[in-house]
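Asker: using only what follows, build the 3D model:
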Amino acid sequence: MKPAQRPLTLAQQIQPPPATGQGSVENGTVRVRQHVNPLARRWSQPLQLPHEWYSQAFQDPSLPLVVDVGVAKGRFLAKLAASDASRNFLGLEIREPLVHQANRAAASAGRGNLFYLACNANVSLAAVLADAPIGALREVYVQFCDPWFKKRHAKRRIVNPPLVEEIFKALKHAAAGGESYKRKVFIQSDVIEVAIEMRSFFDGHGGFQRLGDSNGLECDMEGWLVENPIGVPTEREIAVFNKGGSVYRALYTLKEHGKESAHCE
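Answerer: Coordinates of the predicted model:
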């Protein structure tokens, strides 16, 4: 006799699990590919979500929102959500089974301020945030994204000018009532080439101000932040430091009209 299928969880009702994702519906783990091509046809269309999904995903939708792009298993964001009940945390990840497992763990822990979505942020960020309350979005993190080392694959990197523009528009819309300085973007990578590229896109956009020494944040000779301003390291960050590696970080706010950037060099 075929075992009865478990009813879908709230997270699975908002975003059904993939048909081929063993481990997404049931408890346990599932092996997933480390690399997923974000340019594949299935990821080329914006994510379709149920109406008012945001108010269903979070216990208190009115709380300030933090979005983390590329969360992998979501453990970093889970630590933040556990330590800070004053904000909502939304994790975006392209590997669907990891997302459903992360949502299962969040539900088991009773985290009403934590939710994950499977999507390609490059094409779905605006759609994801469309149902969030106006002014809710406060911070966006992009950390240790896939470096795609081969030259022909560089176009698959998640941080590019269109994504930077989407982040800017989302934060600008959220800051329409003022307090632009409270809208922040944090980027970091252990691959210097990727870090330099990400920083160049945000520096060259014109709508962001990179924070540094003049803002009370210590920078090294190349202008990278010495300390993680979030205060909670990711699993990748811990692994890099355990191997004696380096991490390259930058923190931005929206640039206030008429003011020049005061970042460190």
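Asker: what's in contact with stretch 232-248?
Answerer: 72-73, 75-76, 79-80, 83, 143-144, 188-190, 192, 195-196, 199, 222, 224, 228 (CB atoms under 8 Å, 6 or more residues apart in numbering). For glycine as for every other residue, the C-beta is placed from the backbone atoms N, C-alpha and C.
Asker: so how far is stretch 119-136 from its chain's centroid?
Answerer: Between the mean C-alpha point of stretch 119-136 and the mean C-alpha point of its chain there is a distance of 11 Å (CA atoms, centre = their mean, to the nearest Å).
Asker: which parts of it are buried?
Answerer: Within stretch 119-136, the residues scored as buried using 16 or more other CB atoms under 10 Å are 119-125, 128-129, 131-132, 135-136.
Asker: what's the end-to-end length of that stretch?
Answerer: Taking CA to CA, to the nearest Å as the measure, stretch 119-136 stretches 20 Å from start to finish.
Asker: now that stretch: mean pLDDT?
Answerer: Averaging the model's pLDDT scores along stretch 119-136 yields 91.
Asker: ok, stretch 187-195 next?
Answerer: On average, stretch 187-195 scores 94.
Asker: what comes up buried for that stretch?
Answerer: Residues of stretch 187-195 classed as buried: Ile187, Gln188, Ser189, Asp190, Val191, Val194, Ala195 (neighbour count, 16+ other CB under 10 Å).
Asker: check the gap between the third one and Phe58 for me.
Answerer: Counting by CB to CB, to the nearest Å, the gap from Ser189 to Phe58 is 29 Å.
Asker: the nearest residue to His205 once chain neighbours are set aside: how many residues sit nearby?
Answerer: The spatially closest residue to His205, leaving aside those adjacent along the chain, is Val164, at 5.2 Å (CB to CB, 6 or more residues apart in numbering). Close neighbours of Val164, defined as other CB atoms under 10 Å, add up to 22.
Asker: quick one: low-confidence residue ranges for the stretch 1-150 of the chain.
Answerer: 1-8, 18-44, 146-150 (pLDDT under 70).
Asker: just the buried members of the contacts of stretch 232-248?
Answerer: If you count burial by 16+ other CB under 10 Å, the buried members of these come out as 72-73, 76, 80, 143-144, 188-190, 195, 199, 224, 228.
Asker: now the residues you listed in JSON lines, with secondary structure?
Answerer: Formatted as JSON lines, the entries for the buried ones among the contacts of stretch 232-248 read as follows, by DSSP: H, G, I helix; E, B strand; the rest coil:
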{"residue": "Ala72", "secondary structure": "coil"}
{"residue": "Lys73", "secondary structure": "coil"}
{"residue": "Phe76", "secondary structure": "helix"}
{"residue": "Leu80", "secondary structure": "helix"}
{"residue": "Gln143", "secondary structure": "strand"}
{"residue": "Phe144", "secondary structure": "coil"}
{"residue": "Gln188", "secondary structure": "strand"}
{"residue": "Ser189", "secondary structure": "strand"}
{"residue": "Asp190", "secondary structure": "coil"}
{"residue": "Ala195", "secondary structure": "helix"}
{"residue": "Arg199", "secondary structure": "helix"}
{"residue": "Trp224", "secondary structure": "coil"}
{"residue": "Asn228", "secondary structure": "coil"}
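Asker: could you look up the SS state of Thr253?
Answerer: In three-state terms, and counting by three-state DSSP, Thr253 is strand.
Asker: count the neighbours of it for me.
Answerer: The burial count assigned to Thr253 is 20, neighbours taken as other CB under 10 Å.
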